[in-house]
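[1] No sequence on hand, only this structure:
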Ligand code: WQD
C-alpha cells in the first residue's frame, strides 16, 4: 500500500499526518474543501517535506470527483479526516454536522466501493464513549449515548464502517489533540473564534482574545474543571502510519478500533497552569457556566494501541503546550 488519499489533509490533524506519511515512505494525495483551513498549509507541508503533494480543492460529497481521484492516483488506501469536529458547535448546528460528517462519509465509501479501494483509516473520537461510567476507557467500554451531535456522527460513522465488510477499516478514537509541529510551520488554525481549549488559550495569551472562559468548575473532579486526555498532534499523526501498517499485515480483519491518547487525564486548570509555567506567562481567564455537550471526565486506556498497533504517545504535556505557543507566536 503506497498511494494514500487523505481527505481533510490540509486540516490540523490531516496536515501533520501527511508529513508523517511522507516520512514513512507513503505517497499522500490530499483532498480538502478548505472550509476549516488555509491553502497556505500545502506550501508549508512542501517546505517541511521537500515533496510536492497532489492537492484537490473539493467537497468530498462530490462522488464523481472522488472516483476520478481514486482512479487517477491508483489509491491503495484512504485516511478520512474531512469532518467538522467542535463539540459545542455541533450542539448549536446539528444538521451541519450530520450532513457533512455522515453524508461525506457515505459518498466516500460509495466511491471507494465503485473503485475497489478497500483500506480506510477513520478519524473517530473518544466522544463515542459519551459520559463514561469510569475512566480510563478501553475499546470495550460501553458506547453510551453521545453527549453531542458531533459525538453521534462518530458513533454512526463507526457503525456504517462496521456494516461494510468489503472494507478493511481501522477506526482511531482520538482523545484531545493539541500542540503543533516542531518546525512551527503548521499547527492548529481555527477560523474565527476557537471552539477548542488550547487555541483559545494561545489566542488569549497572544492578545487576540481578551480572556479565556473556563466552562464550569463545579464538576466532580480534583479542581472542579473537566478532565481530558490531551495528546500531541505529532504523536496522533504517527498513529495513522501505524494503522496503515496494521491494515497491510491484517488484511482479513475488516474492522478494528483503537484508543489514541496518552493514558493521562488533566483538568482544564492543570492545562492552564502548565501553559503558564512552560511559557512563562500569566493567562487572563474567568470561570463561567458549563458548556452544553461537555462530558465531565474521559481519558484513555491505551494498552491495545501499544500491544496491537505497536504505538504509544511519546511527547509530554509540556512539549504540547510549548509547541502550541511557539506556533501561535508565528501567527501574530
Ligand atoms: C476541552 C475542555 C471544555 C474551550 C475535543 C474535540 C473533539 C474530540 C474530543 C477528536 C472542556 C473546556 C474549552 C474554552 C473551556 N477530539 N473549554 N473553555 O470538547 O473535549 O472535544 O476532543 O475527535 O473533536 O473538539 O475539546 O478543547 O473544546 O474542550 O473551558 O474556551 O476545555 O469545557 O472541558 P472537547 P475542547
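    Structure's in. What do you need? The structure presented is a predicted model; accordingly, all values stated were derived computationally and were not measured.

[2] how would you label the nearest residue to residue 161 once chain neighbours are set aside: helix, strand or coil?
    In this structure, residue 161 finds its nearest non-sequential neighbour in residue 169, 4.4 Å apart by Cβ to Cβ, 6 or more residues apart in numbering. Heads up, the C-betas are built off the backbone N, CA and C, glycines and all. Under DSSP: H, G, I helix; E, B strand; the rest coil, residue 169 falls in the strand class.

[3] Quick one: residues contacting residue 169.
    Residues near residue 169 by Cβ atoms under 8 Å, 6 or more residues apart in numbering: 120, 121, 122, 161, 162, 254, 255, 256.

[4] Mind checking what secondary structure the first one has?
    If I follow you right, that is residue 120. strand.

[5] check contacts around residue 224.
    Contacts of residue 224 by Cβ under 8 Å, 6+ apart are 216, 217, 218.

[6] Can you give me the pLDDT of the nearest residue to the first one once chain neighbours are set aside?
    What that stands for is residue 216. Spatial nearest neighbour of residue 216, chain neighbours left out: residue 290 (3.6 Å); criterion: Cβ to Cβ, 6+ apart. If you check residue 290, the pLDDT there is 97.

[7] now swap in the one 10 residues further on and tell me
    Confidence per residue is given as pLDDT, and for residue 300 that number is 98.

[8] thinking it is in contact with residue 172, fair?
    No - counting by Cβ atoms under 8 Å, residue 300 sits too far from residue 172 to count as a contact (11.2 Å).

[9] any residues in contact with both of those two?
    Common neighbours of residue 300 and residue 172, counting by Cβ under 8 Å, 6+ apart, are residue 260.

[10] Pick out whichever of those two has more residues nearby.
    residue 300 (30 against 24; other Cβ atoms under 10 Å).

[11] Spit out the contact partners of the more buried one.
    Applying Cβ under 8 Å, 6+ apart, the residues near residue 300 are 126, 136, 137, 138, 173, 175, 229, 259, 260, 261, 262, 263.

[12] and the closest residue to residue 310 other than its chain neighbours, how far is that from the ligand?
    Nearest residue to residue 310 in three dimensions, chain neighbours excluded: residue 242, at 6.2 Å (Cβ to Cβ, 6+ apart). Distance of residue 242 to the ligand, given as Cβ to the nearest ligand atom, to the nearest Å: 18 Å.

[13] repeat for residue 274
    Counting by Cβ to the nearest ligand atom, the gap from residue 274 to the ligand is 13 Å.

[14] May I see the buried residues of the strand or helix carrying the residue nearest to residue 310?
    Following DSSP states H and E, the helix or strand that holds residue 242 is helix 233-249. By neighbour count on 16 or more other Cβ atoms under 10 Å, the buried set for helix 233-249 is 233-247.

[15] picking that back up, what residues are bridge-paired with the residue nearest to residue 161?
    Beta-bridge partners recorded for residue 169 (DSSP bridges): residue 120, residue 255.

[16] give the contact list for the residue in the stretch 201-332 of the chain positioned nearest to the ligand.
    Of all residues in the stretch 201-332 of the chain, the one sitting closest to the ligand is residue 226 (3.1 Å; Cβ to the nearest ligand atom). Applying Cβ under 8 Å, 6+ apart, one finds that residue 226 lies in contact with 215, 216, 219, 267, 268, 294, 295, 296, 297.

[17] Now do stretch 51-64: distance to the chain's middle.
    Counting by Cα atoms, centre = their mean, to the nearest Å, stretch 51-64 is centred 19 Å from the centre of its parent chain.

[18] scratch that, stretch 174-187
    10 Å.

[19] Can you confirm whether that stretch lies near the ligand?
    Yes - using Cβ under 6 Å from any ligand atom, we find that stretch 174-187 touches the ligand at 174, 176.

[20] start to end distance for that stretch?
    17 Å (Cα to Cα, to the nearest Å).

[21] all helices of the chain, in order?
    12-23, 40-49, 63-72, 87-92, 94-97, 104-114, 149-162, 197-205, 233-249, 268-279, 303-304, 317-331 (DSSP state H).
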